[in-house]
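Q: Got a sequence here, can you build the structure:
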Amino acid sequence: MEPNLREYTVLEAADLGYKWMDLEEQGKYEEAEKVQLEIPILPGLANNLKQRYGIKAVIESGINLSEAVKYYGKEWLEE
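A: Residues are numbered from 1 along each chain as shown. Coordinates of the predicted model:
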């Protein structure tokens, strides 16, 4: 499985955040989860997840790791 590395501008990421919250409020939890996975997470949080669960599990979760790769470099995606 390929990592989710889609990049967004700050405004696009903010729009995704609002969309995620709106879907949650509407009770559309599955759709909200898909949108949430598209929002790039902070590098430190991504690294914490990597240390706790391993990079393979983090990649398989679908979490957007674009900011972590920008911060740590492409080699960060390796075990």
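
Q: residue closest to the middle of the chain?
A: Per C-alpha atoms, centre = their mean, the C-alpha nearest to the average position across the chain is that of Asn64, at 2.6 Å.

Q: Secondary structure element holding the nearest residue to Tyr29 once chain neighbours are set aside?
A: Nearest residue to Tyr29 in three dimensions, chain neighbours excluded: Leu23, at 7.6 Å (C-beta to C-beta, 6 or more residues apart in numbering). Heads up, the C-betas are built off the backbone N, CA and C, glycines and all. Here Leu23 sits within helix 10-25, counting by DSSP states H and E.

Q: any idea of the mean pLDDT in the following helix or strand past that helix?
A: Remark: after helix 10-25, the chain's next helix or strand is helix 29-38, criterion DSSP H and E. Helix 29-38 shows a mean pLDDT of 97.

Q: For helix 29-38, which helices and strands make contact with it?
A: helix 10-25 (3 or more C-beta pairs under 8 Å, 6 or more residues apart in numbering; DSSP states H and E).

Q: Can you list the buried residues in the helix it packs on?
A: Across helix 10-25, burial judged by 16 or more other C-beta atoms under 10 Å covers 13, 16, 19-20, 23.

Q: Now do it and helix 29-38, the angle between them.
A: Angle of helix 10-25 versus helix 29-38, following axes from the mean of the first three to the mean of the last three C-alpha atoms, to 10 degrees, is 160 degrees.
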